[in-house]
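**Student:** Sequence and computational prediction follow.
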Amino acid sequence: MPLLLSYLQNEGGSMPRCPECGGKMIYNRSAKTYICTSCGLVLTREQLDEMRESLLREYEEESRSKAKEYLEWWLGREEHGA
């Protein structure tokens, strides 16, 4: 999950990060696309934004699921006198 966190934390940064590998993305003005300097992924700004939103939703859902699982564990622990 560290790659996802570094990608999402850079949201307000000056240079976007690649959603696949976390590498720096540079803007190609002539093609109006972003190109990852590490893996070569090519995305438009719209695609980059869509991927960021999708990853953020996925991360939030996973966080909620883990929180719910922990709460159920904690409540079950109290019922068993631990």
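**Tutor:** Thanks, I have the structure now.
**Student:** Spell out the residue ranges of the strands in the chain.
**Tutor:** Counting by DSSP state E, the segments of the chain that form strands are 25-28, 33-36, 42-43.
**Student:** Mind listing what's buried along the longest helix anywhere in the chain?
**Tutor:** As assigned by DSSP state H, the longest helix anywhere in the chain is helix 45-79. Applying a neighbour-count criterion of 16 or more other C-beta atoms under 10 Å, the buried positions in helix 45-79 are 48, 51-52. Every residue, glycine included, has its C-beta placed from N, CA and C.
**Student:** returning to what we had before: just send the strands of the chain back as CSV, with mean pLDDT too.
**Tutor:** Formatted as CSV, the entries for the strands of the chain read as follows, by pLDDT from 0 to 100:
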stretch, mean pLDDT
strand 25-28, 93
strand 33-36, 95
strand 42-43, 96
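**Student:** Indicate which one of those is closest to residue 19.
**Tutor:** For those, proximity to residue 19 was assessed by C-beta to C-beta; strand 42-43 is nearest, at 8.0 Å.
**Student:** Can you give the distance from the closest one to the centre of its chain?
**Tutor:** On the basis of C-alpha atoms, centre = their mean, to the nearest Å, the separation between the geometric centre of strand 42-43 and that of its chain is 17 Å.
**Student:** switch to numbering from 32
**Tutor:** Okay, residue one is now 32; in that scheme the one you just asked about reads as strand 73-74.
**Student:** who touches that strand?
**Tutor:** Taking C-beta atoms under 8 Å, 6 or more residues apart in numbering as the criterion, the residues outside strand 73-74 that touch it are 56, 62, 64-67, 82.
**Student:** and the residue lying closest to residue 50 once chain neighbours are set aside, how far is that from residue 71?
**Tutor:** Setting aside the residues directly before and after it, residue 50 is nearest to residue 82 in space (C-beta to C-beta, 6 or more residues apart in numbering), at 4.4 Å. Taking C-beta to C-beta, to the nearest Å as the criterion, residue 82 is separated from residue 71 by 16 Å.
**Student:** Pull the most distant pair out of the contacts of strand 73-74.
**Tutor:** Of all pairs drawn from these, the one with the longest distance (C-beta to C-beta) is 62 and 82, at 17.8 Å.
**Student:** where does this protein dip in pLDDT?
**Tutor:** Residues of the chain meeting the criterion pLDDT under 70: 32-45, 109-113.
**Student:** Cool, thanks, signing off.
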